[in-house]
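Chemist: Give me a 3D structure for the following:
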Amino acid sequence: MDELDLIRDRADAVGFATAEELVPARDRLLAAARTGRPRRARRWWWTAGAAAGLAAGITAVVALAPAGETGAGVGVGVAQADPVRVLTEAAGAALGEQATPPRADQYLYVKTEYPGHQTREVWFSVDGTHDGRIGDMKIPGCRDGKAPIYGANDPSKEGTLEDCTPSPAYRTDLPTTADAMLAYLHEHHSGERGDVNALGKDVVTLAHEQALLPASYSALFAAAAKIPGLTALDHVTDGAGRPGVGITWPVPPGSSPKAKPEVLVFDATTHRFLGTPGSAVTVKTFVDRVGQRP
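Modeler: Sure thing, here's the model as predicted:
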C-alpha cells in the first residue's frame, strides 16, 4: 500500500453532513449568488459557463457545510470537510490529466487572471533553450551555457551573453510519489525550515507556471496533504471569481500581522487546481511559438 492508498483510506472515513443540515448553507449560497457579487466582476463567468459554475457552487455546499468564520478573509467559512480528502481528490484529478508530452521547441502558455480583470500571459520555453516572453518582456533562453541579456539598463550590454543554466518549463525531473515530493519541497523550501505557509506557496509555484508530469502533479497535491495544520475553507473564489474549495496552512508564530496564509483553490466538482484568491490559472497549454494563443 503506497502513500496515496493510505490517504484515500483516511478520506473514506470522513462523513458528510445530512441533507437537513445542508439546507441553511444552500440557502446562503443561492442568496449570495443572487445579490452578493458585483455585476462587472461576474459578467464573464456567467457568459463563459453559468451552468458549470453553479454546479460547482452547489457541490461545494453539499461537501462543505460551513462551520464558522476564520481569519483568512471576510466571509470565508471553515469547512467541515477533511482537507486531506480534498487534496487526495485533487491528486487523483491531476493523475488523470492529458499526458502527451510537448516537443522541446514548444512553449508553455499560461494566462493568469487577477481581481479587477488584470491579466498576465507568459510563453516559457519547454526545454529552456528558446527565448520566451512574459507579457511584452523577452525572456532569454539558455543555449550552450550562455544566454543573451535583454532589457539591460546599460544599452551596451544588450544582447551580450552571460553564463546560464536552462530552466525548462516542462519539468520531468520532479518526484512522482508523495513522500519523495514532500522531501523535495522541504529541501527546496523558499521560507524558513518548518514554515508550512511557505511550503504552501512553493506548491502554488510548481502548480502555476510550470508543467509537470501527471504523476508529479498528483504527487505534489498528495505531498501537500501531509503538511501539518491544513484547513479546508468554503465560500472561496479564485482571482477570476470562480467558486471552489480552499485549502490553507497557518502562518508561522511570530509572523508580521500583515502576513496572510496561502490558500489553494480547487474546483469543487472536478477537483482541478484553479489558483489562489489573488490569482487564477484560466489557460494553461502548449503552443508552437511565442505570442500564439490557443
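Chemist: and the helix or strand containing residue 87, average pLDDT?
Modeler: Using DSSP states H and E, residue 87 sits in helix 83-95. Averaged across helix 83-95, the pLDDT comes to 94.
Chemist: which secondary structure elements does the next helix or strand after it contact?
Modeler: Next in sequence after helix 83-95, counting helices and strands by DSSP H and E, comes strand 107-114. Packing partners of strand 107-114 (3 or more CB pairs under 8 Å, 6 or more residues apart in numbering; DSSP states H and E): strand 118-125, strand 279-287. In short, each C-beta sits where N, CA and C put it, glycine included.
Chemist: I'd like to know which of these lies nearest to residue 89.
Modeler: Nearest of those to residue 89, taken as CB to CB: strand 279-287 at 17.8 Å.
Chemist: can you list contacts of that closest one?
Modeler: 102, 106-114, 123, 126, 207-208, 211, 238-242, 265, 273-275, 293-294 (CB atoms under 8 Å, 6 or more residues apart in numbering).
Chemist: So how do I select the buried members of these in PyMOL?
Modeler: A single PyMOL command selects the buried members of the contacts of strand 279-287 (16 or more other CB atoms under 10 Å):
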select buried, resi 102+106+107+108+109+110+111+112+113+114+123+126+207+208+211+238+239+240+241+242+265+273+274+275
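Chemist: Enumerate the positions of the helix holding residue 87 that are buried.
Modeler: For helix 83-95, the neighbour count (16+ other CB under 10 Å) marks 83, 84, 85, 86, 87, 88, 89, 90, 91, 93, 94, 95 as buried.
Chemist: Could you export the helices and strands packed on strand 107-114 as JSON lines, including distance to residue 250 and mean pLDDT?
Modeler: JSON lines is the format used below for those (distance: least, CB to CB, whole Å; pLDDT from 0 to 100):
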{"stretch": "strand 118-125", "distance to residue 250": "28", "mean pLDDT": "97"}
{"stretch": "strand 279-287", "distance to residue 250": "21", "mean pLDDT": "96"}
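Chemist: Export the ones you listed to JSON lines and append columns for distance to residue 169.
Modeler: Converted to JSON lines, the helices and strands packed on strand 107-114 look like this (distance: least, CB to CB, whole Å):
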{"stretch": "strand 118-125", "distance to residue 169": "4"}
{"stretch": "strand 279-287", "distance to residue 169": "9"}
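Chemist: Of all those strands, which one is nearest residue 159?
Modeler: Smallest distance to residue 159 across those (CB to CB): 17.9 Å, for strand 118-125.
Chemist: show me where pLDDT drops low in this protein?
Modeler: Applying pLDDT under 70 to the chain picks out residues 1-81, 194.
Chemist: Report the residue ranges of every domain in it.
Modeler: 3-101+170-287, 128-167 (automatic domain parsing).
Chemist: What distance separates the opening and closing residues of stretch 94-114?
Modeler: 23 Å (CA to CA, to the nearest Å).
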